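>>> Everything below, folded, please.
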Amino acid sequence: MSGSLGTTDSENTESAAEANALSTDHLLPNMGRRAVSGGVVTIAAQMAKFILNFAAAAVLARLLSPKEFGLVGMVLGVTGLVGLFKELGLSTATVQRDTITQQQVSNLFWINVLLSGFLTVISLGLAPLMARFYHDPRVTGIMMMLSLTFVLTGSTVQHQALLARQMRFRSLAIIEVSSMVIGFTTACGLAKLGFSYWALVAQQVFYAISSLLLTWFSSKWRPSMPKRNSGVRPMLSFGAHLTLADFLGLLMVNSDTVLIGRFFGAEPLGLYTRANVLLQRPLQQILIPISSVLTPVLSRLQNDSERYRRSFMRAYETMALVIFSFAAICLALAKPMVLVILGPKWSGVIPLFSAFAVVAVSLPLSDAAAWLFQSQGRGKEQLRNHALIGIIGISSYIIGLHWGPLGVAVTTAISTMAFRLPIVYYFAGRIGPVGTRDLWMAFLSHLPCWGAVYLATALPQLMMKDAAPIVQLVVCVPIGLAAGTLLFLVFRRPRESAFYVWHIVRNSLVKQLNAT
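Below you'll find the predicted structure:
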């Protein structure tokens, strides 16, 4: 019967699969439930990733030296900048659009693949030049191996964007956690066998391979051959502005590692990057899942200003509560944390980790404001914002170089609070349902929580500073959190944020139990 209509059953099935992968109309009636369910899944995944990152930091720090971490860090600082262009902001364009066609996504897929291949060739050519720049011939082989990850990750951009667009957060969580496990176990095994810094290189490569295989298995969408006149030009324009903005942002983020590696060598860079990673990785476990859930949600709510503003502010204030508490504990317990996680040979990380704990007070919240640009399709404004804060950030690095890696961390902390945060809040809140005043109120109303948790944690730590580091953590962290929780109740907005979190978690758990 289908043959009489000019189509086959397999073609009908394929068309239905493509439509299901691209349509989002069925998500709108239950948007709140899907957002909460996605948040629960993503939080569970982030807890698993936090444990994995903690284990990886602890195990690899005992198997490898600061110099080996610094050597790979030199290359990652460069490949991070080059690799950004493999995506060209097209994943965000796919998620953000209200409607999108099979041919548009297919064309974007092939653009991502071609760009990734081109960047791999460029990176291979740059490898000898980078070795001369860093005065270390080992950089050539490391960069050549890491350049292969461009093609692997570039081939997953649109598939993962469609999974996010469909709010299939469970699939994305499984892909991310499984890939991390494979990369981590590979690195630990090779490090144990004496492969030195190649273990860290293999971690990146095996992560990319695993992510590619799992993503294509999870996503049933398959690209068509590229065609002209598919209507992707506006998406390319949006993606180009977003990519340039992200490039400027990454240029600022990665310039410090490039400069420290060039002027101070691998070992100081290894200490610097470990301090940064030790603090930033847990924060990423907060920012990335919220972003992965909230950006698609906000994109679907563009035409409902009140729901948009309410959804963003609740998430933003909750995040402020968590980040301030975490940053305060890290600052108060910097020494025992470093000694317990990394070990005594990494004691040089302690002052750097303390400086990054100050950076953490404002940097994550300024980064989170980018959700407003992305969900509202404001690529040009995000580009202007990143250009300005990029200039300020790189200038702070250059000034800080005079005092070494610690000077870079300290000047970063100062410039982030004094310049970056006000600039981002101004640009992000200039247009749209969320205003600049809203952002400042969320920040300032939760800032007392930072001081409360810091004092509640630092005072008992001073009284037992001669105790074993692990004992200090076991005793001081619960005291700081408990005292901080009591003080949260004094301030209205932190109290509302805390009760909102409790309400969401309780309802989510009840729904999960009822579903089973």
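
>>> How about residue 349, nearest residue that isn't a chain neighbour?
residue 275 (4.6 Å; Cβ to Cβ, 6 or more residues apart in numbering). (C-beta placed from N, C-alpha, C; glycine too.)

>>> Please tell me I have it right and the one you found contacts residue 347.
No: using Cβ atoms under 8 Å, residue 275 makes no contact with residue 347, being 11.3 Å away.

>>> what do these two both touch?
The contact sets of residue 275 and residue 347 overlap at residue 338 (Cβ atoms under 8 Å, 6 or more residues apart in numbering).

>>> ok, the two, which is more surrounded?
Set residue 275 next to residue 347 and count neighbours by other Cβ atoms under 10 Å: residue 275 wins out with 27 against 13.

>>> Name the SS class of that one, please.
helix (DSSP: H, G, I helix; E, B strand; the rest coil).

>>> from here on, count from 2
Noted, 2 is the first residue going forward, which turns the last one into residue 276.

>>> could you measure it against residue 335, distance?
As judged by Cβ to Cβ, to the nearest Å, residue 276 and residue 335 stand 9 Å apart.

>>> okay, and the common contacts of those two?
Shared contacts of residue 276 and residue 335, defined by Cβ under 8 Å, 6+ apart, comprise residue 354.

>>> wait, what's in contact with residue 468?
By Cβ under 8 Å, 6+ apart, residue 468 lies in contact with residue 476.

>>> Okay, and it sits in which element?
Using DSSP states H and E, residue 468 sits in no helix or strand.

>>> Please apply the same query to the one 4 residues further on.
Counting by DSSP H and E, the element that carries residue 472 is helix 470-489.

>>> shaky segments in the stretch 2-151 of the chain?
The stretch 2-151 of the chain contains residues with pLDDT under 70 at 2-44, 82-99.

>>> swap in the chain?
Counting by pLDDT under 70, the ranges of the chain that qualify are 2-44, 82-99, 230-254, 289-290, 293-294, 297, 301, 489, 498-517.

>>> I'd like the domain boundaries of it, if you could list them.
19-257, 302-517 (automatic domain parsing).

>>> okay, those in a markdown table with distance to residue 283 next?
A markdown table is the format used below for the domains of the chain (distance: least, Cβ to Cβ, whole Å):
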| stretch | distance to residue 283 |
| --- | --- |
| domain 19-257 | 6 |
| domain 302-517 | 7 |
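
>>> Compare these and give me the one nearest residue 265.
Residue 265 lies closest to domain 302-517 among the domains of the chain, at 6.4 Å (Cβ to Cβ).

>>> starting at the chain centroid, how far to that closest one?
14 Å (Cα atoms, centre = their mean, to the nearest Å).

>>> Next, the buried residues of the helix holding residue 472.
470, 473-474, 477-478, 481-482, 484-486, 488-489 (16 or more other Cβ atoms under 10 Å).

>>> Could you do stretch 404-414 as well?
For stretch 404-414, burial by neighbour count (16+ other Cβ under 10 Å) applies to 406-414.

>>> How about stretch 183-196?
For stretch 183-196, a neighbour-count test (16+ other Cβ under 10 Å) marks 183-185, 187-189, 191-192, 196 as buried.

>>> Residues contacting it from elsewhere in the structure, which ones?
Residues outside stretch 183-196 that contact it (Cβ under 8 Å, 6+ apart): 53, 56-57, 60-61, 64-65, 199-201, 203-205, 207-208, 211.

>>> Is it possible to mark the buried ones in those?
Buried among these by 16+ other Cβ under 10 Å: 53, 57, 61, 64-65, 199-201, 203-205, 207-208, 211.

>>> Dump those residues to a markdown table, plus distance to residue 300 and secondary structure.
Output for those, formatted as a markdown table (distance: Cβ to Cβ, whole Å; DSSP: H, G, I helix; E, B strand; the rest coil):
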| residue | distance to residue 300 | secondary structure |
| --- | --- | --- |
| 53 | 29 | helix |
| 57 | 33 | helix |
| 61 | 37 | helix |
| 64 | 43 | helix |
| 65 | 41 | coil |
| 199 | 41 | helix |
| 200 | 39 | helix |
| 201 | 36 | helix |
| 203 | 36 | helix |
| 204 | 33 | helix |
| 205 | 30 | helix |
| 207 | 32 | helix |
| 208 | 27 | helix |
| 211 | 28 | helix |
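
>>> CSV for these, including distance to residue 149?
What follows is those, written out as CSV (distance: Cβ to Cβ, whole Å):
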residue, distance to residue 149
53, 23
57, 21
61, 21
64, 24
65, 22
199, 14
200, 16
201, 15
203, 11
204, 13
205, 9
207, 11
208, 12
211, 14
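
>>> of the residues you listed, closest to residue 122?
For these, the minimum distance to residue 122 (Cβ to Cβ) is 18.6 Å, reached by residue 205.

>>> I'd say the closest one and residue 147 touch.
Yes: taking contacts as Cβ under 8 Å, residue 205 lies within contact range of residue 147: 5.9 Å.

>>> Please enumerate the shared neighbours of these two.
Residues within reach of residue 205 and of residue 147 at once, by Cβ under 8 Å, 6+ apart, are residue 77.

>>> Residue 433 versus the residue nearest to residue 350, what's the distance?
Distance, residue 276 to residue 433, using Cβ to Cβ: 36 Å.

>>> same thing with residue 312?
Noted for residue 312: a distance of 13 Å to residue 433, by Cβ to Cβ.

>>> just to revisit the earlier point, tell me how far the residue nearest to residue 350 lies from residue 358.
Residue 276 is 9 Å from residue 358, where distance means Cβ to Cβ.

>>> Out of the buried residues of stretch 404-414, which sit inside helices?
406-414 (DSSP state H).

>>> Quick one: residues contacting residue 341.
For residue 341, the contact set (Cβ under 8 Å, 6+ apart) comprises 470-471, 474.

>>> ok, and it, which helix or strand is that part of?
Assigned by DSSP H and E, residue 341 belongs to helix 335-342.

>>> and that helix with helix 470-489, angle?
Orientation of helix 335-342 against helix 470-489 (axes from the mean of the first three to the mean of the last three Cα atoms, to 10 degrees) gives an angle of 130 degrees.
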